[in-house]
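Colleague: sharing a model prediction with you, sequence too.
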Amino acid sequence: MPNTQKRLLVLGASQDQAFMVKTAKAMGITTLAVDMNPDAPALALADDFGIVSTRDIPALKAFLDDFIKEKPIHGVATMGSDIPHIVAEVAEHLGTWHIAHETAKLATNKYEMKEAFKRGGVRIPDYRLVGSAHEVHEAFDQYGKLVIKPLSEAGSRGVSLITNKADIDELFARAFAYAVDGKVLIESFLEGPQISTESLLVDGKIVTPGYADRNYDVLERFLPQIMENGGIQPSQHQDAFDSIEAMLLKAAKSLGLHHGVMKGDVVLTKDGPAIIEVAARLSGGDFCESLVPLGTGVNYVRNVIRMALGEAVDLGELTPTMNRAVSNRYFFAEPGRFHSVEGVDEVTAKDWIHKFEIWYKPGDILPETRSHGQRFGVFVLTADDRETAIEREKWVYDTIKIRIDPV
């Protein structure tokens, strides 16, 4: 029977966290959502809510201290937001389960994470901290292809792929705008297909219910930005799952993560799987919300909620019950004034379309796309197999006509 006496605090109430709130409520768990935006969509879904920033720790603690005078909180979690350190601090304040503070700290600093991976024998790209464009020039001469990124930003902000020496000064400046302590990170570029993963660590053992092949068909269009265009599952690289999971377990142990959730960015290099980076949180977007549940029947967010509440994880729920192809793809628009979009009714009438969203309204000025947060919209579809899914993707793109007026 569901434990209706328990209450979950969800940090953030954007669309990313809405699925967690819905899942908790379906499990019979009471929810409290907090967000600084009074119009955040998940606030209306939660049983209780508070208008407070998840990054204003003193204000958040003050709100919670007042709240728990009348209603107890039994667990803290989030989805999509890269704040495991805040989840851990708030959970400790409330006396509920959380990952170790050192683990959360390592998972939110890309350089310290790489250092931990190096000590733990995880295959990773060559990397170094730099504080000047001159150092990037020197590394480019050595590797010929570099990724430059801030230490703690998510959503691809400030991340660029350097393939041309003439671009280094500008791209260093972009990344440096988000610099921590005057430093940014550069990495050698790893060639090979990329796979998104999501794993649960249960008492030191790893289970990975989520694998999706990442799509970079718009990479050339947006260079030097590294722009991903969603993913598709089932993965074409199932023969590599055992070696991927073994490397992910090494990564988790390197961070001291023995119980919790871990999102991974994996590259299948000629030498085997390598880890670009991981996050000690559930993914945002459509990975754990759509790709895995629609494709395999597994909603592992349920188990992450149980972990947060200090309950046992039901590993039986992580066994796939079906095998469908699921694809999520994004719309990208040119800069200008958004005028209109055609073909929406035709696309959304299809029963294999499970999500269709446009994130701008007519009249909005569209910026140049420089991060994932500036994509125009998204759709999610299902099919019996990958080939049909890919055909349907093309049909959607051919049907939707986005009209942008020059500014």
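Modeller: Everything's here; your move. Computed from a prediction, not measured in an experiment: that's the story for all the values here.
Colleague: all helices for the stretch 151-300 of the chain, in order.
Modeller: 168-176, 219-222, 241-255, 292-296 (DSSP state H, counting those that start in this stretch).
Colleague: so for residue 190, which of those helices sits nearest?
Modeller: helix 241-255 (12.8 Å; CB to CB). Using the backbone N, CA and C atoms, a C-beta is placed for each residue, glycine as well.
Colleague: now the lowest-mean-pLDDT helix or strand in the chain: buried residues?
Modeller: Sorting the helices and strands of the chain by mean pLDDT, DSSP states H and E puts helix 219-222 at the bottom, at a mean of 85. Within helix 219-222, the residues that qualify as buried are residue 222, counting by 16 or more other CB atoms under 10 Å.
Colleague: just to revisit the earlier point, ranking the helices of the stretch 151-300 of the chain by mean pLDDT, which is last?
Modeller: For the helices of the stretch 151-300 of the chain, the stretch scoring lowest in mean pLDDT is helix 219-222; its value is a mean of 85.
Colleague: run the chain-centre distance for that helix.
Modeller: 21 Å (CA atoms, centre = their mean, to the nearest Å).
Colleague: and it, what other elements does it pack with?
Modeller: If you count contacts as 3 or more CB pairs under 8 Å, 6 or more residues apart in numbering; DSSP states H and E, helix 219-222 packs onto no helix or strand.
Colleague: closest to residue 273 out of the helices of the stretch 151-300 of the chain?
Modeller: Using CB to CB, the nearest of the helices of the stretch 151-300 of the chain to residue 273 is helix 241-255, at 4.6 Å.
Colleague: just the CA atoms of that closest one, as PDB, please.
Modeller: C-alpha atoms of helix 241-255 as PDB (Å, rounded to 0.1, in the frame of the first residue of the first chain):
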ATOM      1  CA  PHE A 241      26.400  -2.000 -22.300                       C
ATOM      2  CA  ASP A 242      28.400  -4.200 -19.900                       C
ATOM      3  CA  SER A 243      31.600  -2.300 -20.500                       C
ATOM      4  CA  ILE A 244      29.800   1.000 -20.300                       C
ATOM      5  CA  GLU A 245      28.200   0.000 -17.000                       C
ATOM      6  CA  ALA A 246      31.500  -1.100 -15.600                       C
ATOM      7  CA  MET A 247      33.000   2.300 -16.400                       C
ATOM      8  CA  LEU A 248      30.000   4.100 -14.900                       C
ATOM      9  CA  LEU A 249      30.500   2.100 -11.700                       C
ATOM     10  CA  LYS A 250      34.100   3.200 -11.600                       C
ATOM     11  CA  ALA A 251      33.000   6.800 -12.000                       C
ATOM     12  CA  ALA A 252      30.400   6.500  -9.300                       C
ATOM     13  CA  LYS A 253      32.900   5.000  -6.900                       C
ATOM     14  CA  SER A 254      35.400   7.700  -7.700                       C
ATOM     15  CA  LEU A 255      32.900  10.300  -6.600                       C
END
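Colleague: and that helix, what's buried?
Modeller: So for helix 241-255, counting by 16+ other CB under 10 Å, buried means 244-245, 247-255.
Colleague: cool, stretch 67-75 as well?
Modeller: 67-68, 73-75.
Colleague: restricted to strands, list the residues you listed.
Modeller: residue 75 (DSSP state E).
Colleague: now, which of the buried residues of stretch 67-75 sits nearest residue 24?
Modeller: Nearest member of the buried residues of stretch 67-75 to residue 24, counting by CB to CB, is residue 75, at 9.3 Å.
Colleague: any idea how far that closest one lies from residue 404?
Modeller: Relative to residue 404, residue 75 is positioned 45 Å away (CB to CB, to the nearest Å).
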